[in-house]
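A.B. asks: I would like to see how this sequence folds:
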Amino acid sequence: MNRRVRQKVAKKSKEKVGLPSNPEIGDAGLCPDSNEDVDWTSLPDDTVIQLFSCLNYRDRASLSSACKTWRVLGLSSCLWTSLDLRAHKCDPGMAVSLASRCVNLQKIRFRGAESADAIIHLQARNLREISGDYCRKITDATLSMIVARHEALETLQLGPDFCEKVSSDAIKAVAFCCPKLKKLRLSGLRDVSADVINALAKHCPNLIDIGFLDCLKVDEAALGNVVSVIFLSVAGTSNMKWGVVSHLWHKLPKLIGLDVSRTDIGPSAVSRLLSLSPSLKVLCALNCPVLEADNTFSVNKYKGKLLLALFTDIFKGLASLFADTTKMGKNVLLEWRNLKTKDKNVDEIMTWLEWILSHTLLRTAESNPQGLDVFWLKLGAPVLLSLMQSSQEEVQERAATGLATFVVIDDENASIDCGRAEAVMRDGGIRLLLNLAKSWREGLQSEAAKAVANLSVNANVAKAVAEEGGIEILAGLARSMNRLVAEEAAGGLWNLSVGEEHKGAIAEAGGVKALVDLIFKWSSGSDGVLERAAGALANLAADDKCSMEVALAGGVHALVMLARNCKSEGVQEQAARALANLAAHGDSNSNNAAVGQEAGALEALVQLTRSLHEGVRKLLVHYGTYHLMTGNREAIAAAGGVEALVALAQSCANASPGLQERAAGALWGLSVSEANSIAIGQEGGVAPLIALARSEAEDVHETAAGALWNLAFNPGNALRIVEEGGVPALVDLCSSSVSKMARFMAALALAYMFDGRMDEFALIGTSTESTSKRVNLDGARRMALKHIEAFVLTFTNPQAFATAAASSAPAALAQVTERARIQEAGHLRCSGAEIGRFVAMLRNPSSILKACAAFALLQFTIPGGRHALHHASLMQSAGAARVLRAAAAAATAPLEAKIFARIVLRNLEYHHLESSI
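C.D. replies: You can find the predicted model right below:
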C-alpha cells in the first residue's frame, strides 16, 4: 500500500494531515473533492481508530505522530492487543520504541530469529499467544528467554519451517515457565524426549492442543501420559512406533482429534485407534502411503468416527460431524461458518481441522508426490479454496500458499500444471484470491499475490485475472512498503506481462512506474523483488509503447544501476534482458540512444559479458550489445567492449551453441567500424572466430563467417586469418555449408583477402620472412580462388546464361537474377568503402574475383532488398556505372562477370527511377 503519512493538505491549520490510502477504504468516499481542504482531525474517534487498525505497526506508529489528537488515539489499547512483526524488520531498538504501547499486548506474530530476539524487549507481560515462522535460526537461549518473560502464555506455535536449533532443553523450559499453556505446535524438532513430554504433562495441566510436526523423533509412550490433550498432531513425524501408539493413545481420555498425516502409519494402527478409543471422533491420515496401499481397508465399519484420507470424501466426512447433515452441501466449511446456531464442541473440532488441513495440504503440495492429480482436481483444490475463506488468518495464508504451490511442476522453468490452474479458475478461485489480495492484512496480500502470480503462467488464467481487475490490484500492491507484498505483486505483473494483450493494461494501471520505483526502493539486499521487477520491465520493454513508458519512468537509470551493482545472476539476467529490449526498437523510438547515453550503461553491459553465468552473457551479448551497436559502436569499444567480447569468444569453445553464436554476432556487429575491426584483430579475436567458423552448428559458423568477412577488409586482419589457419576453415564453409549466407560471406572474406591488398602488407618485414609468407600466400590464394569460383558457379545455369548473353530482353536477365539471388543477403548493409572495394575488384586481373565482385554487387542491389537503395546510391556516387559497363563489355571477362554486371546496371537504373519519382 502507498501511505504518504505526513503529506500536508493545507497550511491554514497546523494539524491538517493527509489520509493514507488503503485498499479497503477508498479515498473517494471520505474526500469527494480532492481540491477541497479537509480537516482530518474532525473525524470521529472511532473512525480514526478503525483506520489505524488497518495499518501495520510501523505505519500506525508513524501516523500517530501526525498530530496530538491522533497521537492519543494511536495509543488506544484496542489497537495494540495484537501485533504482526512479519511485515518489516523488527530489531531490539524497534521493540523498545514500541514497548510503551504493548502493555496490553496479547497476541504476536513474528518472522525470523532477529524478530524473536526483539520480543523480550516489548515487555508485554500479558502476552497470551506467540506464533513464529522462518524459525530455523532460533536457538534454545532465545526461546527460553521468551517463555521466561511471558508466564501467561497460552499458545506457542513455531513453524511450519523446521526449528533446527531448538532442543528438548528449550521445550522443557516452556513446560516450567508457562503453566497456563493450552496450545503447543512445533515443527521440525530433532528429538522430543520422554522427559520433555512428561514435564509438559506435569506442569501444563491445561495443555489441550499438541502438535509435534515433521519431527525426527517423538517419544510415543510419553505422549500417552498427557491426559489433558484433546487435539494431537504428529503429521510428517518419522520413526514413529505405531504399535506403541495403537496400544497407548486410545487410552487418552479426552482425545477427540488425531492427525497422523504424511506418516507411514498402516491400516492396523488406524483400525485399532478408531475402534478402541471411546473419545476419538476424527483421525486425519492424509497422504499416508502405507494406509493408501491397502485396498481392503474400509472406513464404513467405524460408526461415529471420521477418517480423513486421500481415498475419502473430505467434504462429506466433515458434514458427518453435524447433527443435521442434510443442511450441509459441498462447501461444508463455508456453511459451518454461516450457521446461526453454534455447537461449541463441533466448532472446536472444525477450527482445529481447518488448521490441520491447511498445514497438511501445503506440505503435500511442497513435496508434490506422484499420483495425486485426481485428488487435487476433485478435492485438494476445492478444499484449499474453501479454507481461503476461513476466519483464521494463518489458515487463509497457508491455503493461498498451497494454491500457489500445488500448480507448480518446475519452479526453475516456470512450468505449471495447466489442468490444476484452470481447475482453480473454474471453481472461482481467482476472485477469491483477488479479494484476499485486497485485504489490509499484508500477510494475506503477499500469499494471495503469490498464488495469482503462479496461476497466471497459464494464459487462460492470466486472461481471467485481467478480467477480474487483477492487474490494477497487483499494480497497487507493487507500491506496498512491505517488501514481501511488493515482491509477489511484481512476480504477478512479470507473469502477466508475458501476454501481449496485458502489457498496455499494466502500463495504464501505473504498473510501469511502480516496478521502476521498486528497483530504487529495494536497491540492495532484496534480490527476489529486484529480479521480478526487472523481469516484468523486460517483458514490457519488448512492446514499443510500453518501452517508452519504462524510459520515461526512469527505467533506464534503474536497470543500469542493477546491471552495475547487483551480483545476483537472476537479477543481472533480467536487467540485461530489459536493457536489451529497450535498445531493440531501433529507429521506432529513442530508447536505444537513451541506453547508450546513460552514464555507466555501456560499461555495465560490457562488464556483464564477463559474468560467470552463461545465461547473463548470452542475453547481454546477443541482445544488449547487438542492439546497442547502432550509434554506439565506438562508445562500446571505448568502454572495453572489444577486449571483453574477444575474451568471451576465446572462452566459449565448450559453451552452448547459443552463446557461441551470440559471441560471434557481437564481434560481427562491433567490427562494422574499421577501427574496431583492427582492434579486434590486435586483441586476438581472429583465432576464436576461426574456431567458431569450424562449428557444425549452422547459426554459429554463419555468424562467425560474417565477422571474419568484416575483419578481412583490413589487410592486417586478412594476414592474421591466413596465419591462424583461417583459409581452410573459410574454404570449407564456402564449399560445404548448408547455409547460403555462410558460403556467401566466406567467399567474400576470401575475395577480400586475395584481391592484392594483403600482399603489400605481407611484404613488410625481412626478406626471409617475406619469402616465407609469399610462398604460403600463393598456396592459400590458389585454394581460395578455386573455391570462390566453384561457389559462384553454383548460382549459374549455362542455358540461362547463354540466353541472357544472346538477348537484351529483361526476362532473360530476370531468370538469371532469380537463380542467383540469396534472399538473406538483402539484409546486409555495406559501407561506401566496402562497395568501393567490390567495384575496384571488377578491374582485378583475376577473372574469378571479377565474377565474385559482380555477384556480390548483384546481391546488394536487387530491388526489394532492405538496403538496396542505399547501396545503389553509394555506387552511383562512386561512378560505378562506368566500371560496370566496362566489365559487361570486356572481351576477356568471364561470362558470369559480364551477365552479373549487366544485371547490376539494370538494378541501378531501377533504383534511380524509383528515387526520382
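A.B. asks: neighbours of Leu379, just the number please.
C.D. replies: For Leu379, the neighbour count with other C-beta atoms under 10 Å is 18. In this view, the C-beta of every residue, glycine as well, is placed from N, C-alpha and C.
A.B. asks: pLDDT score assigned to it?
C.D. replies: Looking at Leu379, its pLDDT stands at 93.
A.B. asks: with Ser456 instead?
C.D. replies: At Ser456, pLDDT is 95.
A.B. asks: if I look at it, how far off is Leu474?
C.D. replies: Using C-beta to C-beta, to the nearest Å, Ser456 is found at 9 Å from Leu474.
A.B. asks: common neighbours of those two, please.
C.D. replies: Residues touching both Ser456 and Leu474 (C-beta atoms under 8 Å, 6 or more residues apart in numbering) are Gly492, Leu496.
A.B. asks: quick one: low-confidence ranges for this protein?
C.D. replies: Within the chain, the segments meeting pLDDT under 70 span 1-41, 325-329, 525, 584-641, 760-776, 917.
A.B. asks: which strands or helices does the helix or strand that contains Val731 pack on?
C.D. replies: Val731 belongs to helix 726-736 when assigned by DSSP states H and E. Applying 3 or more C-beta pairs under 8 Å, 6 or more residues apart in numbering; DSSP states H and E, we find helix 726-736 packed against helix 686-693, helix 698-712, helix 715-723, helix 740-753, helix 767-793.
A.B. asks: of all those helices, which one is nearest Arg441?
C.D. replies: Nearest to Arg441 among those is helix 698-712 (51.7 Å), distances taken as C-beta to C-beta.
A.B. asks: distance from the chain centre to the closest one, please.
C.D. replies: Distance of helix 698-712 from the chain centroid (C-alpha atoms, centre = their mean, to the nearest Å) equals 33 Å.
A.B. asks: which other residues reach stretch 162-175?
C.D. replies: Contacts to stretch 162-175, defined as C-beta under 8 Å, 6+ apart, come from residues 135-140, 143-144, 147-148, 156, 158, 181, 184, 186-193, 195-196, 199-200, 202-204, 214.
A.B. asks: before we move on, back to that, what angle do the helix holding Val731 and helix 686-693 make?
C.D. replies: 20 degrees (axes from the mean of the first three to the mean of the last three C-alpha atoms, to 10 degrees).
A.B. asks: pull the distance from stretch 223-240 to the chain's centre.
C.D. replies: For stretch 223-240, the distance to the chain centre is 41 Å (C-alpha atoms, centre = their mean).
A.B. asks: what comes up buried for it?
C.D. replies: 223-226, 228-237, 240 (16 or more other C-beta atoms under 10 Å).
A.B. asks: what does stretch 126-140 give?
C.D. replies: Leu127, Arg128, Glu129, Ile130, Ser131, Gly132, Asp133, Tyr134, Cys135, Ile138, Thr139, Asp140.
A.B. asks: widest-spaced pair of these?
C.D. replies: It's Arg128 and Thr139 that sit farthest apart of those, by C-beta to C-beta, at 23.5 Å.
A.B. asks: strands along the stretch 101-250 of the chain, start to end?
C.D. replies: Using DSSP state E, counting those that start in this stretch, the strands found in the stretch 101-250 of the chain span residues 107-111, 129-133, 155-158, 183-187, 209-213, 231-233.
A.B. asks: can you put these in JSON lines and add distance to Leu73?
C.D. replies: Shown next, in JSON lines, are these (distance: least, C-beta to C-beta, whole Å):
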{"stretch": "strand 107-111", "distance to Leu73": "21"}
{"stretch": "strand 129-133", "distance to Leu73": "25"}
{"stretch": "strand 155-158", "distance to Leu73": "29"}
{"stretch": "strand 183-187", "distance to Leu73": "33"}
{"stretch": "strand 209-213", "distance to Leu73": "36"}
{"stretch": "strand 231-233", "distance to Leu73": "39"}
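A.B. asks: quick one: closest of these to Ile862.
C.D. replies: Ile862 lies closest to strand 107-111 among those, at 66.6 Å (C-beta to C-beta).
A.B. asks: starting at the chain centroid, how far to that closest one?
C.D. replies: The chain centroid and the centroid of strand 107-111 are separated by 30 Å under C-alpha atoms, centre = their mean.
A.B. asks: give me the angle between that strand and strand 129-133.
C.D. replies: Relative orientation of strand 107-111 and strand 129-133, computed by the same axes, to 10 degrees: 10 degrees.
A.B. asks: re earlier: quick one: buried ones out of the contacts of stretch 162-175?
C.D. replies: Looks like the contacts of stretch 162-175 have 135, 138-140, 143-144, 147, 156, 158, 181, 184, 186-189, 192-193, 196, 199-200, 203-204, 214 buried, using 16+ other C-beta under 10 Å.
A.B. asks: circling back: what's the closest of the buried residues of stretch 126-140 to Ser808?
C.D. replies: Closest approach to Ser808 among these (C-beta to C-beta): Tyr134, at 84.7 Å.
A.B. asks: my read: that closest one touches Ala116, true?
C.D. replies: No - between Tyr134 and Ala116 there is no contact under C-beta atoms under 8 Å: 9.5 Å.
A.B. asks: helix, strand, or coil at the most centrally placed residue in the chain?
C.D. replies: Central residue check for the chain by C-alpha atoms, centre = their mean: the C-alpha nearest the mean position is that of Arg532, 5.3 Å away. Recorded secondary structure, Arg532: helix (DSSP: H, G, I helix; E, B strand; the rest coil).
A.B. asks: quick one: contacts for it?
C.D. replies: Residues near Arg532 by C-beta under 8 Å, 6+ apart: Glu487, Ala490, Gly491, Leu493, Trp494.
A.B. asks: and the last one, what element?
C.D. replies: Right, Trp494. Using DSSP H and E, Trp494 sits in helix 483-496.
A.B. asks: for the next helix or strand after that helix, buried residues please.
C.D. replies: Using DSSP H and E, the helix or strand that follows helix 483-496 towards the C-terminus is helix 500-508. In terms of neighbour count (16+ other C-beta under 10 Å), helix 500-508 has its buried residues at His502, Lys503, Ala505, Ile506, Ala507.
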